[in-house]
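[1] Quick one, structure for this:
(2 chains)
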Amino acid sequence: MRKVLPLKISVSGVRGIVGQSLTPQMAARFASAFGTYLGQGQVLVGQDSRPSGLMIKKAVTCSLLATGCQPVEVGILPMPTILFLTRKKQARGAVVITASHNPLDWNGLKFIGPDGLYLPASQIEELLDIFHQGEFTFVPAERIKPALTEKNAGFLHLRRILSQIDVNLIKKRKFRLVADCANGAGATLLPSFLHELGCEVRFINTELTGTFAHQSEPTPENLKELGREVRDFKAALGLAQDADADRLALVDEQGRPLGEDATLSLSVDHVLSRKKGPVVVNLSSSLVIEDIAGKFGVPVYRTKIGESNVVEKMIETRAVVGGEGNGGVIWPAVHPCRDSFTAAGLILERLAGFPGSISELMDTFPRYYLLKDKFDCPAELAFRALTELRRRYQSENISTVDGLKIIREKAWFHLRPSNTEPIIRVMAEARTAKKARQLLEDFKNEIKQILRQLS
Amino acid sequence: MKPLKLSVSGVRGIIGQAITPELVIDFASAFGTRLAAGPIVVGRDSRNSSPMISAGVVSALLATGHDVIDLGLCPTPVIEFQVKRQKAAGAVSITGGHNPASWNALNFINGQGTYLNEFQGQELLDLYHLNCFQPVFFKKTPGVIRELNPEEPYFDWLLSRLNLPAIKQAHFKVVADPVNGAGSKLIDQLFDLLGAQLIAINNEANGYFPHDPEPRPRNAMEVSSLVKITGADIGFLLNSDASRLSLVSENGETLSEEYTLPLLASYYLKKHPGPVVTNLSTSMMIDEVAKEKKVSVIRTRVGQSAIIQAMLEEKAAVAGEGSGGLAFDYFQPAFDALAAMALFLELLAVEGQKLSALVERLPRYHIVKDSLACPAHRLHTLVAEVKKLYPGEEINQMDGLRIDKKDLWLHVRASATEPLIRLIAESSSPHRAQAEVDKIMSYLRRLTG
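    Have a look, this model is predicted:
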């Protein structure tokens, strides 16, 4: 049997193992489809720090030129910076050569449309149609444009954030911080950003070698090093970016991880205190968002998991802030995308205006406990179990926007069959750890019982 | 119909039609797979489309595990020189040569700094068609080295092989038209080093071709008038990668590109005697020169690849084509119009004669060239049809049809670079050559409808 090569084509672009499933030919075909789709105009080309980035970038440049686009190489930059620049420079779109936190031998392409937004699912489908049909529009020689290179474009992004926050207020506090860039593209700009804010910072994992010192998921395990450094440096706060620098995790002054929802809660609370308006978060984000929004008397909209779903709803509802519970804060005042720099700016501004420490600030929020689990289940069975569970609980307050979410007083349970693997993901949140565990276990047992009956 | 020409030395076609990113990457991947480990040199001419192709080539070479030495804008002869200097595994020269601006090509060069020979070329085509390329192992991810000013060591080498004092002493005045190609600006440096005064036109490497980048009389009007106005000693026309050369004499006469080879060979063979290699389509003038110098003439198929292969096999002193491409054994086995220009100045300095006087010494022949557009898939069939016009005659079929009669030869062949049938006839009588070409043309026109 032919070996199946791992090439993942999804709404966020394409990813594969370099030289096996992701070849220059593949990259060129995708970029030709993208150039054909966009029509002629400027297209930013960014990359992460992987050594294979140059090879893929050359193939992408070749195709963009051949389709009459004008590539503008911006080099290694964080995702939110490239999204911001695409709109700022009024480019037709952008291609980013990155595989986020995948291992070193992977790479991929992400496609960004006009206005610096990820292409929505419908447009990705159109792009994939062009790709599969191989009907590319190549221009004659006289219409090929010269490629451009732009250095230091990232500072435009930082300047925009700095113009939206009270820099002097933050400067006065002279924060001592530890920042973990997770060897991602965030390392290209975070030092300048925190310097502008008058912070004294110890940086860790800033080398852009393409190898990651740790996984960038903000689990307690991955934040251990940061916690140690925070205690050692006697820092007021620890900041951890993920590989793309779109998400931010926090560690308090005692080196303890603040939990996945802290970044979003702090940012939402702070933005609403400055300007009231709707909030958009995904279905898995903490209930604390409802508590905060309730305090300000503004509505909360919940969407399917996925950044583009949240952004789409934010634009539709003219939301003032939003994001995802995993540390992805979206503040449209800067740009409608998840942005760890924006999050860091907002949180530092909030902390600067608070007389106590970060852990004391967190104590002012209602405390929730979020538990996650997953178990193996074939895709077809997962769907039938989901239908059965929905039938049983249809009289309760449920949401079927993404899998099944059962909402109770100050608690919820969420079941979601994975799109990419034969597993079911389950999540539960409640005011105490005990209640959350109880909720999760009860539903897990019920699902397993349903699965037994089905098979 | 998308004209795409695959030949042993490369692949050539119209941008956006036949030359697409995937084709470029596939060919460069095949080349990278074929070559032994080691860096590969990449250079390009000034065409709009050349940076696009260069990006695809670099991507593919990196993906097949080769470091890339990127020379940027660079004439083919300098690329060929750099292959040996850098001890590279090979090179890709991105240039459409004499083709119009809408065309471009990948020209593959081996580790000896010459175009791939027919066996190497066949292997490359086989690999391309197999579509199975060597993947890279990411642990030793290769990189790109940007080589600045690759022409400097080339000029050092070139000057060391010339009679520099004689050239400098002559204080020549020269007109040159590098057709805004890869030779632009470089010629400033070259003639400065040779102590000559240069009047240059179309000397910006911007890829805009004010006329077809083919060095021949019909493109030489500007050079001719400048030579007359300025009283220059000689006028030069280059193609877009400085591999071909045609001349204008000091009285403004635009010389057929056929003169380049016999004029220079008659001087060069005095110092470096040896066989001469040329193709079946080149003027009989070279035979007269060879006879005088008592050396043999070996005729090959048309194309730099075949000529250079024969040059190396036969240990020839000179190899060249009627189209103005020349190679010299004391220099490098590659068509090099920069070296040829320098040698022409040496020739004028050493012989102490005007160019027109040297032209007078050559026998006058009349050469007629014509071509007929024809679908690529019928080229060879139609060429074979022409045999019916010459029943019972001896026909050389090494490359199309070559027929030798008394005081007349003619050559009918399929172009290796464009979907064209090329016809060439030469005779001491202009009418005979023209009549012969007309006869074949009208016959072929009837067949193609």
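
[2] Based on its surroundings, how many neighbours for the residue of the stretch 201-350 of chain B found nearest chain A?
    Distances between the stretch 201-350 of chain B and chain A by Cβ to the nearest Cβ are smallest at B:Gly207, namely 8.6 Å. (Glycine included, C-beta is placed from N, CA and C.) Counted with other Cβ atoms under 10 Å in any protein chain shown, the neighbours of B:Gly207 add up to 23.

[3] Contacts only, for it.
    B:Gly207 is in contact with B:Asp45, B:Ser46, B:Arg47, B:Asn48, B:Ser50, B:Ala101, B:Asn180, counting by Cβ atoms under 8 Å, 6 or more residues apart in numbering or on different chains.

[4] Doesn't it lie inside a helix?
    No. Per DSSP: H, G, I helix; E, B strand; the rest coil, B:Gly207 lies outside any helix segment and is coil.

[5] on that earlier part again, which of the contacts of B:Gly207 fall within helices?
    Among those, the ones falling in helices (DSSP state H) are B:Ser50.

[6] Give me the pLDDT for the residue lying farthest from the centre of chain A.
    Distance from the C-alpha centroid of chain A peaks at A:Glu142, with 40.4 Å (Cα atoms, centre = their mean). Listed pLDDT for A:Glu142 reads 94.

[7] ditto for B:Asn48
    95.

[8] Equivalent analysis for B:Val136, please.
    60.

[9] and if you look at A:Asn326?
    Taking A:Asn326 on its own, its pLDDT is 86.

[10] show me what contacts it?
    Taking Cβ under 8 Å, 6+ apart as the test, what A:Asn326 contacts is A:Pro218, A:Arg247, A:Glu260.

[11] tell me which parts of the stretch 101-250 of chain A are close to chain B?
    A:Leu104, A:Asp105, A:Phe136, A:Phe138, A:Val139, A:Pro140, A:Ala141, A:Glu142, A:Ile144, A:Pro146, A:Ala147 (Cβ under 8 Å from any Cβ of the partner chain).

[12] lowest-pLDDT helix or strand in chain B?
    Using mean pLDDT, DSSP states H and E, the weakest-scoring helix or strand in chain B turns out to be strand B:4-7, at a mean of 71.

[13] Who does it pair with, and is each partner parallel or antiparallel?
    Strand B:4-7 pairs in its sheet with strand B:10-14 (antiparallel), by DSSP bridges.

[14] Rank the helices and strands of chain A by mean pLDDT and give me the bottom one.
    Lowest mean confidence among the helices and strands of chain A (mean pLDDT, DSSP H and E): strand A:7-10, at a mean of 72.

[15] and it, which strands flank it?
    Assessed with DSSP bridges, strand A:7-10 is paired to strand A:13-17 (antiparallel).

[16] The strand it pairs with: how far from the chain's middle?
    From the chain centre to the centre of strand A:13-17 is a distance of 17 Å (Cα atoms, centre = their mean, to the nearest Å).

[17] what element comes up after it heading to the C-terminus?
    Following strand A:13-17 in sequence order, the next helix or strand is helix A:24-38 (DSSP states H and E).

[18] List the buried residues for that next one?
    Buried residues in helix A:24-38, counted by 16 or more other Cβ atoms under 10 Å in any protein chain shown: A:24-38.

[19] Ok, stretch A:101-115 next?
    Buried residues in stretch A:101-115 (16+ other Cβ under 10 Å): A:His101, A:Asn102, A:Leu104, A:Asp105, A:Trp106, A:Asn107, A:Gly108, A:Leu109, A:Lys110, A:Phe111, A:Ile112, A:Gly113.

[20] Give the rounded mean pLDDT of it.
    Mean predicted confidence for stretch A:101-115 is 89.

[21] okay, how far is it across that stretch, tip to tip?
    Terminal residues of stretch A:101-115 are spaced 25 Å apart (Cα to Cα, to the nearest Å).

[22] before we move on, the earlier item: export the contacts of B:Gly207 to TSV and append columns for neighbour count and distance to chain A.
    Listed next are these as TSV, based on neighbours: other Cβ atoms under 10 Å in any protein chain shown; distance: Cβ to the nearest Cβ, whole Å:
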residue	neighbour count	distance to chain A
B:Asp45	31	12
B:Ser46	27	12
B:Arg47	34	7
B:Asn48	21	5
B:Ser50	27	9
B:Ala101	21	6
B:Asn180	23	14
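
[23] biggest separation within the contacts of B:Gly207, which pair?
    B:Ser50 and B:Asn180 (12.5 Å; Cβ to Cβ).

[24] What mean pLDDT does stretch A:407-414 get?
    93.

[25] actually stretch B:267-277, not the one I typed
    97.

[26] So which bits of that stretch are buried?
    Buried residues in stretch B:267-277, counted by 16+ other Cβ under 10 Å: B:Tyr267, B:Tyr268, B:Leu269, B:Gly274, B:Pro275, B:Val276, B:Val277.

[27] so where's the stretch 101-250 of chain A uncertain?
    Counting by pLDDT under 70, the stretch 101-250 of chain A contains no low-confidence range.
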